[in-house]
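J.: My questions concern the predicted model and sequence given below.
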Amino acid sequence: MCRPFQWYDHGCGPFVLFGPAHLAGLGLLLAAVVALVLWRRRFTPRARRLFRYGLAGLLIANEISTHIWHALVGQWTVQYMLPLHLCSLFSWLTAVMLLTRSYRIYELAYFLGIGGAVQALITPHPGFGFPHYRFFQSYLAHAPIVLGAVYMTAVEGYRPTLRSLLRVAVAIHLYMIPVFGLNLLLDSNYLFIHRKPAEPTLLDYLGPWPWYILGMEAIGLLTCLLLYLPFFPGRKPVCVDSG
């Protein structure tokens, strides 16, 4: 019997990579992205507000519930739970972007949010199978990040530019500096720049530390270039009326 909120002996089974539940989640996200693009012109001002506020609320509620659940099961630690990994950080940043329609956050969310969240969704490691709470929490921590950036692009008319790409490259490297120092202070591994994750990941194929960090950089650059490709040679962001 599945006990969806337990940490040990939950009975929900392990997460199965590319199993039926995993593929169903990916399929639902893809369908939502396609729907946003195809129906982008059908969004009334009221529908825009409802979508933005609703998605922002979902991100915030999911993050808060994650911290509460980890605390209740005795698994909350500063080494693991601070919102410093990209996807945890962008859960909050995407919510702020949706509430304020910030273009500067959009630049980051489009490249780093989509890039990081998509990779996390393709090869997730929640450790818990369907229908455990952590199975759903993992999807709700990443899919809305993708949907938020796609929504701002397709519906609100925002566009990344070449300068956006340059600003994002500078921002992520500046962000790594204090995170690196905090990892030393806390013996943590935020951004996975001190060691590889314990679970099997793509990083296992990129060599030992610190060389796999260069591989991470190369994958990140390639991902950003692919995301920018639809907008080459780049267009200015479209300004829209408040909605």
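T.: Done, it's in.
J.: now the chain, which segments are flagged as low pLDDT?
T.: Scanning the chain with the threshold set as pLDDT under 70 gives 200, 233-243.
J.: Going along the chain, name the helices of it.
T.: With DSSP state H as the criterion, the chain has helices at 20-38, 45-72, 78-81, 86-100, 103-108, 114-122, 133-154, 162-186, 211-228.
J.: Distance to residue 13 and mean neighbour count added to those, as a markdown table?
T.: Where you see a C-beta, it was placed from the backbone N, CA and C, and this is true even at glycine. Shown next, in a markdown table, are the helices of the chain (distance: least, Cβ to Cβ, whole Å; neighbours: other Cβ atoms under 10 Å):
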| stretch | distance to residue 13 | mean neighbour count |
| --- | --- | --- |
| helix 20-38 | 10 | 14 |
| helix 45-72 | 19 | 15 |
| helix 78-81 | 23 | 13 |
| helix 86-100 | 24 | 22 |
| helix 103-108 | 36 | 20 |
| helix 114-122 | 20 | 20 |
| helix 133-154 | 10 | 23 |
| helix 162-186 | 33 | 14 |
| helix 211-228 | 31 | 15 |
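J.: With distance to residue 202 added, can I get those in JSON lines?
T.: What follows is the helices of the chain, written out as JSON lines (distance: least, Cβ to Cβ, whole Å):
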{"stretch": "helix 20-38", "distance to residue 202": "16"}
{"stretch": "helix 45-72", "distance to residue 202": "24"}
{"stretch": "helix 78-81", "distance to residue 202": "20"}
{"stretch": "helix 86-100", "distance to residue 202": "15"}
{"stretch": "helix 103-108", "distance to residue 202": "22"}
{"stretch": "helix 114-122", "distance to residue 202": "8"}
{"stretch": "helix 133-154", "distance to residue 202": "16"}
{"stretch": "helix 162-186", "distance to residue 202": "18"}
{"stretch": "helix 211-228", "distance to residue 202": "8"}
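J.: Can you say which of these is nearest to residue 205?
T.: Closest of the helices of the chain to residue 205 is helix 211-228, at 8.0 Å (criterion: Cβ to Cβ).
J.: Remind me what the closest one packs against, helices and strands.
T.: Helix 211-228 sits against helix 114-122, helix 162-186, with contacts defined as 3 or more Cβ pairs under 8 Å, 6 or more residues apart in numbering; DSSP states H and E.
J.: by how many degrees do that helix and helix 133-154 diverge?
T.: 50 degrees (axes from the mean of the first three to the mean of the last three Cα atoms, to 10 degrees).
J.: Quick one: distance of helix 211-228 to the chain centre.
T.: 16 Å (Cα atoms, centre = their mean, to the nearest Å).
J.: How about stretch 168-179?
T.: The answer for stretch 168-179 is 17 Å, by Cα atoms, centre = their mean.
J.: Check stretch 6-25 too.
T.: The chain centroid and the centroid of stretch 6-25 are separated by 20 Å under Cα atoms, centre = their mean.
J.: about what we covered before: turn the helices and strands packed on helix 211-228 into a markdown table, including distance to residue 53.
T.: Shown next, in a markdown table, are the helices and strands packed on helix 211-228 (distance: least, Cβ to Cβ, whole Å):
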| stretch | distance to residue 53 |
| --- | --- |
| helix 114-122 | 20 |
| helix 162-186 | 25 |
